[in-house]
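Engineer: Generate coordinates for the sequence data below:
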Amino acid sequence: ADADSPFARHAFGAHFAEVAVDTVTGETRVRRLLGVYAAGRILNSRTARSQFVGGMTMGLGMALTEGSTMDAAFGDFAESDLAAYHVPAHADVPDIEAHWIDEDDTRLNPMGSKGIGEIGIVGTAAAIGNAVFHATGVRLRELPLTPDRVLSGLRERGGS
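Structural biologist: You can find the predicted model right below:
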């Protein structure tokens, strides 16, 4: 595609999250995730849905569990394995849906397809953060939204 084209070449998406926040423990549980995308012509619906759902699961990890600690002395990550770096498991994603709208973009390329590699990830953490804000009234601006951060926000707000 021509880089100087006046037309957008990107996929777009909207992410929605429903969460439950325990104000005593600070634990956040995602009940439902929904992603709806405009990603050009979908060439294979099975692999596209898997890509979207996988990305949304990665976004859930980004929002709630995945945090790295930098070793100030060596400038490297302190976590050396997945025992210390928590990623979402199947039980963390009870209800997740991905849909797309039929889009025919003939200006992009002959197939009308767009990349969907990261689109499932990028909005999910924000949707979860907004759902936590809606549930608690606390706006957290640093990820992951760990229980200690949720409880600190609640204390600062005067809700716990």
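
Engineer: quick one: contacts of the longest helix seen in the chain?
Structural biologist: Secondary structure of the chain per DSSP state H: the longest helix is helix 45-64. Applying C-beta atoms under 8 Å, 6 or more residues apart in numbering, the external contacts of helix 45-64 come out as 15, 28, 30, 33, 35, 37, 39, 42, 86-88, 92-93, 96, 98, 100, 116-125, 127-129, 143-146. Using the backbone N, CA and C atoms, a C-beta is placed for each residue, glycine as well.

Engineer: Please repeat the previous calculation with a cut-off of 6 Å.
Structural biologist: For helix 45-64, contacts defined as C-beta atoms under 6 Å, 6 or more residues apart in numbering pick out 28, 30, 33, 35, 42, 87-88, 93, 96, 98, 116, 120-121, 124-125, 128, 144-145.

Engineer: Show the buried residues in these.
Structural biologist: 28, 30, 33, 35, 42, 88, 93, 96, 98, 116, 120-121, 124-125, 128, 144-145 (16 or more other C-beta atoms under 10 Å).

Engineer: quick one: which of those residues sit in strands?
Structural biologist: In strands, defined here by DSSP state E, the members of the buried ones among the contacts of helix 45-64 are 28, 30, 33, 35, 96, 98.

Engineer: Roughly how far does the second one sit from residue 105?
Structural biologist: The reference is to residue 30. Distance, residue 30 to residue 105, by C-beta to C-beta, to the nearest Å: 32 Å.

Engineer: again, but for the third one
Structural biologist: Spatial separation of residue 33 from residue 105 under the definition C-beta to C-beta is 26 Å.
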